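Colleague: got a structure for you, letters missing:
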């Protein structure tokens, strides 16, 4: 959508909510820390961080203002790391998801613990305008990609679909009627916590229409994050998994796959490919997982893998 059409044709908030709900429960494998398109708020030595951003409507080719995908990040018994995007992000079978499903149904509690430790992680990516970044003021005014997890996405959903009658729905991605998002990070029980982060009241992005159009045109194309060409093949992932596990990763038989598809006990984080229709809510996560953002976790794992 062109900038001119964007202003004339406001995004239908109900359709945006419907799309998000249908997707609730998919890139280049370059690490975010190596990609200058990405931004993350800086945390001090105490683990605290602060920044203000504005979510943008997405590039001209984007169907929604965000994209999402799953990945895995764990260290295997070989001492090597498996940090890979899951093929379930693009509706395909994934070797680790299949193996996890097998183990989950083995009847052995230790296998379930192993599956939990290498479950899928849900990521979201969106274009943002950096409004305030006190730790790195040179970032202010720049348009960057921001990767975040379910906790922040839930706050986006709450703004579009508020739970209380005295709250009005706000499309946070709208450049004229949206709202800035204040990120407040605190360390809670040793993990970064984003609970204090919140949307401000609705205000237009500061600037003339020409300035807003310039911001709009600086957005980064997000199609690559769900482009099948940017994902490793099943065979390549299976080979990498076998290396990390120090053994040949077995592939389920057709009979086993059919049985797994019918088993309601398989948690959503390790089941079948990403749905295109509304799906059940994801399985609950642990306190530690809910406290640490997905991006914090991924950055941590990537650093450890690099150190190895």
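Modeller: Thanks, I have it. Predicted, not measured: the structure shown is a model, and the values here were computed from it.

Colleague: From here on, just use CA atoms for contacts and neighbour counts.
Modeller: Noted.

Colleague: can you pull the buried residues of the helix or strand harbouring residue 192?
Modeller: Using DSSP states H and E, the element containing residue 192 is strand 191-193. The neighbour-count check on strand 191-193 (16 or more other CA atoms under 10 Å) flags 191-193 as buried.

Colleague: now residue 119: how far from residue 82?
Modeller: Remark: distance between residue 119 and residue 82 (CA to CA, to the nearest Å) = 12 Å.

Colleague: Next, show the common contact partners of these two.
Modeller: residue 72 (CA atoms under 8 Å, 6 or more residues apart in numbering).

Colleague: would you turn the buried residues of strand 191-193 into a markdown table with pLDDT?
Modeller: Shown next, in a markdown table, are the buried residues of strand 191-193 (pLDDT from 0 to 100):
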| residue | pLDDT |
| --- | --- |
| 191 | 86 |
| 192 | 89 |
| 193 | 93 |
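
Colleague: Generate TSV for these, with distance to residue 243 as supplementary columns.
Modeller: Below are the buried residues of strand 191-193 laid out as TSV (distance: CA to CA, whole Å):
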residue	distance to residue 243
191	30
192	32
193	34
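
Colleague: Where does the prediction get shaky in the stretch 1-150 of the chain?
Modeller: 1-33 (pLDDT under 70).

Colleague: Recalculate using a threshold of 90.
Modeller: 1-34, 61 (pLDDT under 90).

Colleague: Repeat that for the stretch 151-300 of the chain.
Modeller: Short version for the stretch 151-300 of the chain, where the test is pLDDT under 90: 190-192, 247-300.

Colleague: for it, what spans make up the strands?
Modeller: 179-188, 191-193, 198-202 (DSSP state E, counting those that start in this stretch).

Colleague: Tell me which of those sits nearest to residue 219.
Modeller: strand 179-188 (16.8 Å; CA to CA).

Colleague: same for that closest one, what does it pack against?
Modeller: strand 49-55, strand 191-193, strand 198-202 (3 or more CA pairs under 8 Å, 6 or more residues apart in numbering; DSSP states H and E).

Colleague: pretty sure residue 169 contacts residue 156?
Modeller: No: taking contacts as CA atoms under 8 Å, residue 169 lies outside contact range of residue 156: 10.5 Å.

Colleague: of those two, who's got more company?
Modeller: residue 156 (22 against 16; other CA atoms under 10 Å).

Colleague: what's the closest residue to that one other than its chain neighbours in contact with, if anything?
Modeller: Leaving aside its sequence neighbours, residue 156 sits nearest to residue 172 (CA to CA, 6 or more residues apart in numbering; 7.0 Å). Residue 172 makes contact with 54-56, 156, 159-160, 178-180 under the criterion CA under 8 Å, 6+ apart.
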